[in-house]
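>>> Following is a predicted model, sequence given first.
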Amino acid sequence: MSMASRDPRADIVDSNPFPKPKIRRIHSAENLGNSSMYTMDDLKNMFTNKSEKKPQLKQVWEFSDIEKQNLLLATAAFTLALGFMSVRGFWGIDTLGITEWILMVLLSMPVMLLAVGPAFILHEIGHKIIAKRNGCWAEFRADPGGLRFGILLAFFIGILFMSPGAVMVSGLVTRRENGHIAVAGPLTNLSLFLIGIPIWILIIGLTGALNSNPPSMFDGELTSVYLDGNSIIWQAMVVDAGAVWLGANLVLGLFNMIPFGPLDGLKVKHWNEDVFYAVFLIFLIPVITWFLGFWSPIRLLEFGVGLIF
(Lines give C-alpha, C1' and ligand atoms only; values in the text may rest on other atoms or scores of the structure.)
Protein backbone atom coordinates (compact mmCIF):
# COMPACT_ATOMS: atom_id res chain seq x y z
CA MET A 1 0.00 0.00 0.00
CA SER A 2 1.52 3.25 -1.12
CA MET A 3 1.13 6.53 0.73
CA ALA A 4 -0.94 9.18 -0.98
CA SER A 5 1.05 12.08 -2.38
CA ARG A 6 0.37 15.65 -1.37
CA ASP A 7 -2.19 17.42 -3.53
CA PRO A 8 -0.34 20.27 -5.29
CA ARG A 9 -3.45 22.44 -4.96
CA ALA A 10 -2.83 22.55 -1.18
CA ASP A 11 0.12 24.88 -1.76
CA ILE A 12 -2.40 27.60 -2.51
CA VAL A 13 -3.63 27.71 1.12
CA ASP A 14 -0.61 26.49 3.10
CA SER A 15 3.06 25.85 2.62
CA ASN A 16 4.54 22.43 2.12
CA PRO A 17 5.76 21.15 5.50
CA PHE A 18 8.32 19.03 3.71
CA PRO A 19 9.98 21.31 1.18
CA LYS A 20 12.52 19.83 -1.15
CA PRO A 21 16.04 20.92 -0.18
CA LYS A 22 17.93 23.02 -2.67
CA ILE A 23 21.12 21.27 -3.69
CA ARG A 24 24.06 23.38 -4.81
CA ARG A 25 27.01 21.89 -6.62
CA ILE A 26 30.14 23.04 -4.85
CA HIS A 27 32.31 21.88 -7.75
CA SER A 28 30.63 24.11 -10.29
CA ALA A 29 32.87 26.60 -12.05
CA GLU A 30 31.16 29.61 -10.48
CA ASN A 31 31.96 28.43 -6.92
CA LEU A 32 35.56 27.33 -7.33
CA GLY A 33 36.90 30.75 -6.39
CA ASN A 34 35.00 30.83 -3.07
CA SER A 35 35.35 27.19 -2.07
CA SER A 36 36.74 26.32 1.36
CA MET A 37 38.55 23.19 0.22
CA TYR A 38 41.96 22.48 1.79
CA THR A 39 45.02 22.68 -0.39
CA MET A 40 47.93 20.26 -0.16
CA ASP A 41 49.96 22.85 1.80
CA ASP A 42 47.13 23.21 4.33
CA LEU A 43 46.97 19.45 4.83
CA LYS A 44 50.74 19.29 5.19
CA ASN A 45 50.75 22.02 7.85
CA MET A 46 47.91 20.29 9.66
CA PHE A 47 49.95 17.13 10.22
CA THR A 48 53.37 18.78 10.69
CA ASN A 49 51.99 21.49 13.04
CA LYS A 50 53.64 24.20 11.00
CA SER A 51 52.16 27.38 9.66
CA GLU A 52 53.60 30.00 7.39
CA LYS A 53 51.81 32.76 9.32
CA LYS A 54 53.08 32.75 12.88
CA PRO A 55 51.37 35.00 15.43
CA GLN A 56 53.49 37.97 16.38
CA LEU A 57 54.07 38.62 20.08
CA LYS A 58 53.08 42.03 21.33
CA GLN A 59 55.82 44.40 22.37
CA VAL A 60 56.92 43.90 25.98
CA TRP A 61 56.04 47.48 26.88
CA GLU A 62 52.49 47.33 25.54
CA PHE A 63 49.64 47.58 28.05
CA SER A 64 45.99 46.76 27.50
CA ASP A 65 43.24 49.13 28.61
CA ILE A 66 42.23 46.73 31.39
CA GLU A 67 45.80 46.59 32.66
CA LYS A 68 46.09 50.38 32.66
CA GLN A 69 42.87 50.64 34.68
CA ASN A 70 44.12 48.08 37.20
CA LEU A 71 47.47 49.85 37.58
CA LEU A 72 45.71 53.18 38.07
CA LEU A 73 43.33 51.71 40.65
CA ALA A 74 46.11 50.03 42.62
CA THR A 75 48.33 53.12 42.54
CA ALA A 76 45.52 55.39 43.71
CA ALA A 77 44.59 53.07 46.58
CA PHE A 78 48.24 52.62 47.54
CA THR A 79 48.76 56.40 47.58
CA LEU A 80 45.67 56.98 49.73
CA ALA A 81 46.78 54.34 52.24
CA LEU A 82 50.24 55.93 52.42
CA GLY A 83 48.62 59.30 53.05
CA PHE A 84 46.70 57.85 56.01
CA MET A 85 49.85 56.17 57.30
CA SER A 86 51.81 59.44 57.22
CA VAL A 87 49.37 61.00 59.74
CA ARG A 88 49.14 57.80 61.82
CA GLY A 89 45.66 57.08 60.64
CA PHE A 90 42.48 58.13 62.36
CA TRP A 91 44.31 58.64 65.68
CA GLY A 92 46.28 61.56 64.26
CA ILE A 93 43.17 63.73 64.46
CA ASP A 94 43.63 64.05 68.24
CA THR A 95 47.09 65.57 67.70
CA LEU A 96 46.57 67.67 64.59
CA GLY A 97 42.88 68.50 64.67
CA ILE A 98 40.52 67.59 61.89
CA THR A 99 41.46 70.50 59.58
CA GLU A 100 45.22 70.05 59.73
CA TRP A 101 44.78 66.27 59.60
CA ILE A 102 42.91 66.51 56.30
CA LEU A 103 45.43 68.99 54.89
CA MET A 104 48.36 66.78 55.88
CA VAL A 105 46.74 63.76 54.22
CA LEU A 106 46.23 65.74 51.02
CA LEU A 107 49.80 67.12 51.07
CA SER A 108 51.35 63.75 51.92
CA MET A 109 49.66 61.94 49.04
CA PRO A 110 51.61 63.65 46.20
CA VAL A 111 54.84 63.10 48.12
CA MET A 112 54.05 59.41 48.47
CA LEU A 113 52.88 59.12 44.87
CA LEU A 114 56.14 60.60 43.61
CA ALA A 115 58.31 58.54 45.95
CA VAL A 116 56.53 55.19 46.24
CA GLY A 117 54.60 55.10 42.96
CA PRO A 118 57.64 54.22 40.82
CA ALA A 119 58.78 51.61 43.37
CA PHE A 120 55.46 49.80 43.07
CA ILE A 121 54.67 50.29 39.38
CA LEU A 122 58.16 49.60 38.01
CA HIS A 123 58.48 46.54 40.27
CA GLU A 124 55.43 45.02 38.56
CA ILE A 125 56.55 46.14 35.11
CA GLY A 126 59.87 44.39 35.74
CA HIS A 127 58.01 41.11 36.16
CA LYS A 128 55.92 41.81 33.08
CA ILE A 129 58.85 42.60 30.77
CA ILE A 130 60.86 39.49 31.65
CA ALA A 131 57.76 37.29 31.42
CA LYS A 132 56.91 38.57 27.95
CA ARG A 133 60.51 38.22 26.83
CA ASN A 134 60.15 34.54 27.72
CA GLY A 135 57.08 34.24 25.49
CA CYS A 136 54.42 34.45 28.21
CA TRP A 137 51.24 36.46 28.45
CA ALA A 138 51.65 38.84 31.40
CA GLU A 139 49.37 41.59 32.69
CA PHE A 140 48.89 43.29 36.05
CA ARG A 141 45.62 42.74 37.88
CA ALA A 142 44.65 44.61 41.03
CA ASP A 143 43.32 42.83 44.11
CA PRO A 144 40.21 44.80 45.22
CA GLY A 145 40.00 42.94 48.53
CA GLY A 146 43.65 43.60 49.31
CA LEU A 147 43.27 47.27 48.39
CA ARG A 148 40.25 47.73 50.65
CA PHE A 149 41.97 45.96 53.54
CA GLY A 150 45.10 48.09 53.16
CA ILE A 151 43.17 51.37 53.10
CA LEU A 152 41.06 50.47 56.14
CA LEU A 153 44.09 49.26 58.09
CA ALA A 154 46.00 52.46 57.35
CA PHE A 155 42.99 54.62 58.25
CA PHE A 156 42.13 53.00 61.57
CA ILE A 157 45.57 51.91 62.80
CA GLY A 158 48.07 53.96 60.79
CA ILE A 159 49.97 50.88 59.56
CA LEU A 160 50.43 50.01 55.92
CA PHE A 161 50.06 46.36 54.95
CA MET A 162 48.53 45.94 51.54
CA SER A 163 48.31 43.40 48.75
CA PRO A 164 47.63 45.73 45.81
CA GLY A 165 47.78 43.02 43.15
CA ALA A 166 50.28 41.18 41.00
CA VAL A 167 51.31 40.46 37.44
CA MET A 168 49.39 37.45 36.17
CA VAL A 169 51.63 35.24 34.02
CA SER A 170 50.40 32.52 31.67
CA GLY A 171 52.68 30.29 29.68
CA LEU A 172 55.10 27.39 29.82
CA VAL A 173 58.35 28.37 31.51
CA THR A 174 61.21 26.47 33.06
CA ARG A 175 62.15 26.84 36.73
CA ARG A 176 65.07 29.03 35.64
CA GLU A 177 62.86 31.32 33.58
CA ASN A 178 60.33 31.53 36.42
CA GLY A 179 63.17 32.55 38.73
CA HIS A 180 64.24 35.26 36.30
CA ILE A 181 60.68 36.61 36.17
CA ALA A 182 60.43 36.64 39.97
CA VAL A 183 63.79 38.28 40.71
CA ALA A 184 63.18 41.03 38.13
CA GLY A 185 60.88 42.91 40.53
CA PRO A 186 63.28 43.16 43.51
CA LEU A 187 66.21 43.94 41.22
CA THR A 188 64.16 46.79 39.78
CA ASN A 189 63.75 48.17 43.31
CA LEU A 190 67.49 47.83 43.91
CA SER A 191 68.17 49.75 40.68
CA LEU A 192 65.74 52.49 41.69
CA PHE A 193 67.43 52.78 45.08
CA LEU A 194 70.91 53.13 43.55
CA ILE A 195 69.77 55.50 40.81
CA GLY A 196 67.75 57.54 43.32
CA ILE A 197 70.78 58.45 45.43
CA PRO A 198 72.49 60.75 42.87
CA ILE A 199 69.18 61.93 41.38
CA TRP A 200 67.73 63.11 44.69
CA ILE A 201 71.04 64.58 45.83
CA LEU A 202 71.00 66.72 42.70
CA ILE A 203 67.32 67.66 43.08
CA ILE A 204 67.68 68.62 46.74
CA GLY A 205 70.98 70.42 46.16
CA LEU A 206 69.83 72.40 43.13
CA THR A 207 66.54 73.44 44.77
CA GLY A 208 68.25 74.36 48.03
CA ALA A 209 65.63 72.41 49.94
CA LEU A 210 67.98 71.79 52.87
CA ASN A 211 69.06 75.41 53.26
CA SER A 212 66.13 76.26 55.53
CA ASN A 213 66.56 73.10 57.62
CA PRO A 214 62.94 71.99 57.00
CA PRO A 215 61.09 69.58 59.30
CA SER A 216 60.46 66.01 58.23
CA MET A 217 57.86 63.33 58.80
CA PHE A 218 60.75 61.17 60.05
CA ASP A 219 61.48 63.47 63.00
CA GLY A 220 59.40 61.24 65.26
CA GLU A 221 56.69 63.64 66.38
CA LEU A 222 53.44 64.00 64.47
CA THR A 223 53.25 67.66 63.43
CA SER A 224 52.11 69.64 60.43
CA VAL A 225 55.53 69.34 58.81
CA TYR A 226 54.33 70.65 55.45
CA LEU A 227 52.39 73.62 56.82
CA ASP A 228 53.55 76.89 58.32
CA GLY A 229 50.42 78.89 58.95
CA ASN A 230 48.89 79.41 55.53
CA SER A 231 52.10 78.53 53.68
CA ILE A 232 53.21 75.16 52.34
CA ILE A 233 56.75 74.10 53.22
CA TRP A 234 57.67 72.67 49.84
CA GLN A 235 61.28 72.14 50.93
CA ALA A 236 60.15 69.56 53.48
CA MET A 237 58.06 67.82 50.81
CA VAL A 238 61.06 67.57 48.45
CA VAL A 239 63.40 66.19 51.11
CA ASP A 240 60.82 63.67 52.33
CA ALA A 241 60.11 62.54 48.77
CA GLY A 242 63.79 61.71 48.29
CA ALA A 243 64.06 59.93 51.64
CA VAL A 244 60.87 57.92 51.07
CA TRP A 245 62.06 56.97 47.57
CA LEU A 246 65.20 55.36 49.01
CA GLY A 247 63.50 53.75 51.99
CA ALA A 248 60.48 52.44 50.07
CA ASN A 249 62.57 50.65 47.46
CA LEU A 250 64.66 48.93 50.13
CA VAL A 251 61.65 47.84 52.19
CA LEU A 252 59.59 46.76 49.18
CA GLY A 253 62.50 44.78 47.75
CA LEU A 254 63.18 43.05 51.08
CA PHE A 255 59.51 42.23 51.66
CA ASN A 256 59.13 40.63 48.24
CA MET A 257 62.27 38.54 48.75
CA ILE A 258 60.74 36.77 51.75
CA PRO A 259 60.54 33.07 50.73
CA PHE A 260 56.90 32.60 51.58
CA GLY A 261 53.63 32.05 49.72
CA PRO A 262 53.20 33.97 46.48
CA LEU A 263 56.12 36.35 47.14
CA ASP A 264 59.04 36.54 44.73
CA GLY A 265 61.56 35.12 47.19
CA LEU A 266 60.12 31.62 47.15
CA LYS A 267 60.26 31.39 43.35
CA VAL A 268 63.83 32.69 43.31
CA LYS A 269 64.89 30.21 46.01
CA HIS A 270 63.36 27.29 44.10
CA TRP A 271 65.38 28.34 41.06
CA ASN A 272 68.75 29.15 42.64
CA GLU A 273 69.47 29.38 46.37
CA ASP A 274 72.76 31.22 45.86
CA VAL A 275 71.00 33.98 43.94
CA PHE A 276 68.23 34.08 46.52
CA TYR A 277 70.57 34.56 49.50
CA ALA A 278 72.68 37.12 47.64
CA VAL A 279 69.71 39.31 46.70
CA PHE A 280 68.04 38.81 50.09
CA LEU A 281 71.17 39.96 51.97
CA ILE A 282 71.60 42.94 49.65
CA PHE A 283 68.27 44.24 50.94
CA LEU A 284 68.43 42.88 54.49
CA ILE A 285 71.75 44.46 55.54
CA PRO A 286 70.89 48.11 54.73
CA VAL A 287 67.38 47.77 56.19
CA ILE A 288 68.66 46.31 59.49
CA THR A 289 71.45 48.88 59.81
CA TRP A 290 68.92 51.62 59.04
CA PHE A 291 66.58 50.53 61.84
CA LEU A 292 69.54 50.12 64.21
CA GLY A 293 70.42 53.77 63.60
CA PHE A 294 73.71 53.37 61.73
CA TRP A 295 72.38 55.38 58.80
CA SER A 296 69.13 56.76 57.37
CA PRO A 297 67.95 57.88 53.94
CA ILE A 298 67.77 61.51 55.06
CA ARG A 299 71.29 61.48 56.52
CA LEU A 300 72.58 59.86 53.33
CA LEU A 301 71.02 62.61 51.21
CA GLU A 302 72.28 65.34 53.57
CA PHE A 303 75.80 63.88 53.35
CA GLY A 304 75.65 63.80 49.56
CA VAL A 305 74.34 67.35 49.27
CA GLY A 306 76.99 68.64 51.67
CA LEU A 307 79.71 66.81 49.76
CA ILE A 308 78.73 68.17 46.35
CA PHE A 309 77.14 71.53 47.09
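Arrived safely. Residues are numbered from 1 along each chain as shown.
>>> And the closest residue in space to G165 that isn't next to it in sequence, its phi and psi?
With sequence-adjacent residues excluded and distances taken as CB to CB, 6 or more residues apart in numbering, G165 is closest to A142, at 3.9 Å. Backbone N, C-alpha and C define where each C-beta goes, glycine included. Per-residue torsions, A142: phi -70, psi 160 (degrees, to the nearest 10).
>>> A142 touches P164, doesn't it?
Yes: with contact defined as CB atoms under 8 Å, A142 and P164 form a contacting pair (6.3 Å).
>>> between these two, what contacts are shared?
Common neighbours of A142 and P164 (criterion: CB atoms under 8 Å, 6 or more residues apart in numbering): A74, A77.
>>> State the distance from the residue nearest to G165 to C136.
Going from A142 to C136 by CB to CB, to the nearest Å gives 20 Å.
>>> low pLDDT regions in this protein?
1-60 (pLDDT under 70).
>>> From G117, how far off is the residue nearest to the spatial centre of it?
By CA atoms, centre = their mean, the mean C-alpha position of the chain lies nearest to E124, the distance being 3.9 Å. According to CB to CB, E124 stands 11 Å off from G117.
>>> Now for these two: what residues contact both?
Common neighbours of E124 and G117 (CB under 8 Å, 6+ apart) do not exist.
>>> Where do the helices of this structure begin and end?
Secondary structure of the chain (DSSP state H): helices at 40-48, 65-86, 92-96, 98-133, 144-156, 175-207, 234-256, 264-271, 273-291, 297-308.
>>> Count the neighbours of the closest residue to K267 other than its chain neighbours for me.
Take K267 and drop its neighbours on the chain: the residue closest to it by CB to CB, 6+ apart is A182, 3.6 Å away. Counted with other CB atoms under 10 Å, residues neighbouring A182 total 27.
>>> The residue nearest to G165: what's it in contact with?
A142 neighbours (CB under 8 Å, 6+ apart): N70, L71, L73, A74, A77, P164, G165.
>>> would CSV of the residues you listed with neighbour count and distance to A241 be doable?
Output for those, formatted as CSV (neighbours: other CB atoms under 10 Å; distance: CB to CB, whole Å):
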residue, neighbour count, distance to A241
N70, 22, 25
L71, 21, 21
L73, 17, 23
A74, 26, 20
A77, 22, 20
P164, 21, 20
G165, 21, 24
